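Q: Generate a structure from the sequence data that follows.
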Amino acid sequence: REALRAEFPRRKDSLQRWELLRARLERARGRAPGPPHPDPEWELMLQLCFPRLDSAVSKGLNHLLKSPFSVHPKTGRISVPLDLQRLDQFDPFAVPTITSLCQELDAADSDGEQEDGGATEPKRRVRDYKKTSLAPYVRVFEQFVEGMESARRGERIRRSGEC
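A: Down below sits the predicted model:
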């Protein structure tokens with residue numbers, strides 16, 4: 001730890017510091033007793049680099065981060081994943097609320113009843129979230145998860161080739 005503290009100020013930017021840290025982790029991986037930690041880099045990123053957007057979260061490292069799609073207890077706003085490609089257009093006051101989602105679902109259900117009228121042909125059921133303003137945020141989350149799965153698959157394939 002002291003060696004890192006001494007070397008960090010000599011690095012020009014965060015990328016150089018990250019590479020230094022990764023190199024130290026790689027060297028320590030072989031010397032540490034017991035089984036190696038499967039992904040120390042990911043653990044560090046989650047613990048130290050994950051964005052903390054509200055002041056209570058920013059103050060303490062041990063504060064629980066909000067889960068995607070959780071409901072804020074005071075405002076009723078839904079915690080949504082951010083689309084990094086459209087981050088400059090994000091308005092935190094325009095995210096869906098639990099009340100607005102309920103209203104959208106009620107309206108969609110009543111529209112569906114009127115459209116069915118007397119149709120005898122069974123229709124494929126549309127997932128409820130797709131009928132609401134939550135749908136684009138679910139898609140952002142799905143794309144994120146798909147990217148993570150793809151990256152992890154590639155990493156496992158790469159590691160299996162090293163053995």
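Q: Excluding residues flanking it in the chain, which one is nearest Leu82?
A: Closest residue to Leu82 apart from its sequence neighbours, by CB to CB, 6 or more residues apart in numbering: Phe90 at 5.9 Å. The C-beta positions use only the backbone N, C-alpha and C, and glycine is treated the same way.
Q: List the backbone torsions phi and psi for Pro81.
A: When read as degrees, to the nearest 10, the backbone of Pro81 gives phi -70, psi 150.
Q: if I pick it, what's in contact with it?
A: Pro68, Tyr137, Val140, Phe141, Phe144 (CB atoms under 8 Å, 6 or more residues apart in numbering).
Q: Mind pulling up the pLDDT for it?
A: What the model reports for Pro81 is a pLDDT of 91.
Q: Ok, Lys66 next?
A: On the pLDDT scale, Lys66 is placed at 59.
Q: Could you do the one 5 residues further on as well?
A: On the pLDDT scale, Val71 is placed at 84.
Q: The closest residue in space to it that isn't next to it in sequence - how many residues pack around it?
A: Residue nearest to Val71 in three dimensions, not counting chain neighbours: Ile98, with 5.1 Å by CB to CB, 6+ apart. By other CB atoms under 10 Å, the residues close to Ile98 number 13.
Q: Correct me if wrong: Ile98 contacts Thr75.
A: No: taking contacts as CB atoms under 8 Å, Ile98 lies outside contact range of Thr75: 9.4 Å.
Q: now the helices for this protein?
A: Remark: helices assigned in the chain by DSSP state H are 2-7, 14-31, 40-44, 55-59, 98-116, 135-162.
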